[in-house]
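Participant: Next come a sequence and a model predicted from it.
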Amino acid sequence: MAKVVPHSLFSDFDIDLFKGGKHYKLYEKFGSHIMTVDGVEGTYFAVWAPSAKTVSVIGDFNFWIEGEHQLNVRWDASGIWEGFIPNVGKGTTYKYKIQSHHNDIKTEKADPYARRCEHPPKTASIVWDADHDWKDADWMTKRKKHNALDAPFSVYEVHLGSWKRKVAENKFLSYTELADELVAYVKEMNFTHVELMPVMEYPYDPSWGYQLVGYFAPTSRFGYPEEFKLLVDKLHQNDIGIILDWVPSHFPEDAHGLGFFDGTCLYEHPDKRKGYHPDWKSLIFNYGRNEVKSFLISNAIFWLEQYHADGLRVDAVASMLFLDYSRNDGEWEPNQFGGRENLEAIAFMREMNEAVYTMFPDVQTIAEESTSFPMVSRPTSIGGLGFGMKWMMGWMHDTLQYFAKEPIYRRHHQNDLTFSMTYAFTENFMLPLSHDEVVYGKHSILGRMPGDEWQRFANLRLLYSYMFTHPGTNLLFQGSEFGQSEEWNFEQSLDWHLLEYDVHKGVQTLIKDLNNLYKTEPALHEKQFTADGFEWIDYNDAGNSVLIYIRKGKKPANDLVIACNMTPIPHENYRIGLPRKGNLQEIFNSDLKQYAGTNDFVNTKVTSDELEWQFRNHSTEIKIPPLGMVVLKYRS
């Protein structure tokens, strides 16, 4: 049997960058690479295991026998083991068998840089190259304008395993099938982007993908890596961007994963107070170790470069920022200045964002960050973390809490809605109604709405209408767009049969139209992150639970006047102040017949009066439907 041939893809410069934490394309060097050496076809392997005494590649090609194919350790103290094995090709399953200097411990590990993994519960890596002839050049050329901060950015969050299934067999749709069905649906619904919950390989279905093992491999549950590229390609060909959930915060302890990789704490922090996550029973990366930092930043760059992703939504940022996150007194150690901030994680996030935006200035990174940590979405040059956007968790919490109240009590909680405007422009906020809000007994979004059936659906339509006209970008989890009745269950398909009912079909049509309104009305996106894009007309009518505000674009002619009625009592002659005189046209009404509304409170003709009202020189009377919202625009 052919043995390991000495070979290396690493230059001295690569090693210096790796050791310094500045190598951002490690996937070109580490892992398994099919190649020809001295006229012989085979595969080159490279793995980082600095505490190893020996490292063997084991696999089906050598009957999983340890020692048959031992890699060679480099002479430069980099801890890298490498070598070329002739006649090992695409489709070969393999792992690394590592014997440690630390107590002679032996570990059997999947390749951290593998491009494909076996279908769980199997755990081996697979030699692979995911060839794909990309046809998205048009999108890649123009995506800068689609991903810009002044562009419409409406995101449909998807869990690929439960969005839709083959019901008879209860099987997943494949990447190829999703490239047809999901793409067509998202396009029909007018969303601008899809966000996929983690698609990197993970061993445990109930983790929803947030406990990663194969950081460089799309999960084999839905097909081959090149088929995932096809899905991305089809999205781009239909002018739909794709955001990938990315998890640099923690990883599971599975025996074949990154934990205790070479018999020591290699990827995880050795101090349990910094290296173990009590909430998720998982390990935390050692952000202060240069080689780990290079691994993580290379992984971010990999998905943007190799899979043409348009952005990364970074999971659990708050857990990375604070040393005392989910820890009691005595379970954490302050930083060198006596504070609770994890300085190494903060430095890592800044460096990651700098690398991403330097190499891909036309993408977005989005932080799922639930605290008031300052300047998350501000440039690193002025002390920020460098993310493009941040989830507005405060808005989500306050708004859902408000809408869960019976309308008769809302007059006492008007500030739950208005409070968000006191901090709305401190960050570039995305408004999320995500998967986390429809699990663990929280009910579906529809299930939180009070009242009888009519009120629940009217409330839901009003919530979404308010969301889409509030400053910021938007994210809506699958099923919420048609009023899924039950909580999300990752083990089954969404309840698509609900669309047979007018009330559910009406919500779906509403979301389709709201997305179109958001995309076509400049006032809703051009200044979505700046204070001069929003102006209150009146927020003081708590007695009627009415809110009136203006959304502004770059041109005053595009300004929109928006009125919300948070009670089931209609207002047929409600006077509102106007920014200037003129005739207005109703361009949206959440109570229309096509949304399963009453259709009884439509504004057919709106003309300003020279009557001072709400501290404005001009005003008019309008109809505001029960539990409804209307959007008015000046006619030229």
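Facilitator: Cool, the structure landed.

Participant: Report the distance from stretch 26-39 to the chain centre.
Facilitator: Distance of stretch 26-39 from its chain centroid, counting by Cα atoms, centre = their mean, to the nearest Å, is 32 Å.

Participant: ok, now stretch 533-544?
Facilitator: So, by Cα atoms, centre = their mean, the centroid of stretch 533-544 is 32 Å from its chain's centroid.

Participant: hey, where'd the strands end up in the stretch 351-500 of the chain?
Facilitator: 364-367, 389-391, 429-433, 473-477 (DSSP state E, counting those that start in this stretch).

Participant: what's the longest helix in the protein?
Facilitator: Counting residues, the longest helix found in the chain (DSSP state H) is helix 502-520.

Participant: about what we covered before: could you dump the strands of the stretch 351-500 of the chain to a markdown table with mean neighbour count?
Facilitator: In short, each C-beta sits where N, CA and C put it, glycine included. Compiled in a markdown table, these are given as follows (neighbours: other Cβ atoms under 10 Å):
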| stretch | mean neighbour count |
| --- | --- |
| strand 364-367 | 27 |
| strand 389-391 | 25 |
| strand 429-433 | 25 |
| strand 473-477 | 26 |
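
Participant: Point out where the chain drops to low pLDDT.
Facilitator: 1-2 (pLDDT under 70).

Participant: Just give me the residue right at the centre of it.
Facilitator: Nearest to the mean C-alpha position of the chain, by Cα atoms, centre = their mean, lies residue 313 at 3.5 Å.

Participant: list the buried ones in stretch 570-589?
Facilitator: 570, 571, 574, 576, 577, 578, 579, 584, 586, 588, 589 (16 or more other Cβ atoms under 10 Å).

Participant: Return the member of these nearest to residue 59.
Facilitator: Lowest distance from residue 59 to these (Cβ to Cβ) belongs to residue 588, with 59.5 Å.

Participant: sec struct for the closest one, please.
Facilitator: strand (DSSP: H, G, I helix; E, B strand; the rest coil).

Participant: Could you check how many residues crowd around the closest residue to it other than its chain neighbours?
Facilitator: Leaving aside its sequence neighbours, residue 588 sits nearest to residue 631 (Cβ to Cβ, 6 or more residues apart in numbering; 3.9 Å). Look at residue 631: counted by other Cβ atoms under 10 Å, it has 25 neighbours.

Participant: same check, this time on residue 518
Facilitator: With other Cβ under 10 Å as criterion, residue 518 counts 22.

Participant: How about the contacts made by it?
Facilitator: 152, 154, 468, 474, 524, 525 (Cβ atoms under 8 Å, 6 or more residues apart in numbering).

Participant: surely the first one meets residue 519?
Facilitator: Just to be clear, that refers to residue 152. Yes: with contact defined as Cβ atoms under 8 Å, residue 152 reaches residue 519; the gap is 4.4 Å.

Participant: Tell me which of the two has more neighbours.
Facilitator: A direct count of neighbours by other Cβ under 10 Å for residue 152 and residue 519 places residue 152 higher, at 24 against 17.

Participant: Report whether that one is found in a strand, as I expect.
Facilitator: No: according to three-state DSSP, residue 152 belongs to no strand; its state is coil.

Participant: For it, which residues are in contact?
Facilitator: 192, 473, 518, 519, 524, 525.

Participant: Using TSV, lay out those together with distance to residue 66.
Facilitator: Shown next, in TSV, are the contacts of residue 152 (distance: Cβ to Cβ, whole Å):
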residue	distance to residue 66
192	51
473	52
518	58
519	58
524	62
525	58
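
Participant: can you map out the strands along the stretch 1-150 of the chain?
Facilitator: Counting by DSSP E, counting those that start in this stretch, the strands of the stretch 1-150 of the chain are 31-37, 40-48, 52-59, 72-73, 80-86, 93-100, 106-109, 116-117, 125-126.

Participant: for those strands, which one sits closest to residue 253?
Facilitator: The nearest among the strands of the stretch 1-150 of the chain, by Cβ to Cβ, is strand 106-109 at 12.2 Å.
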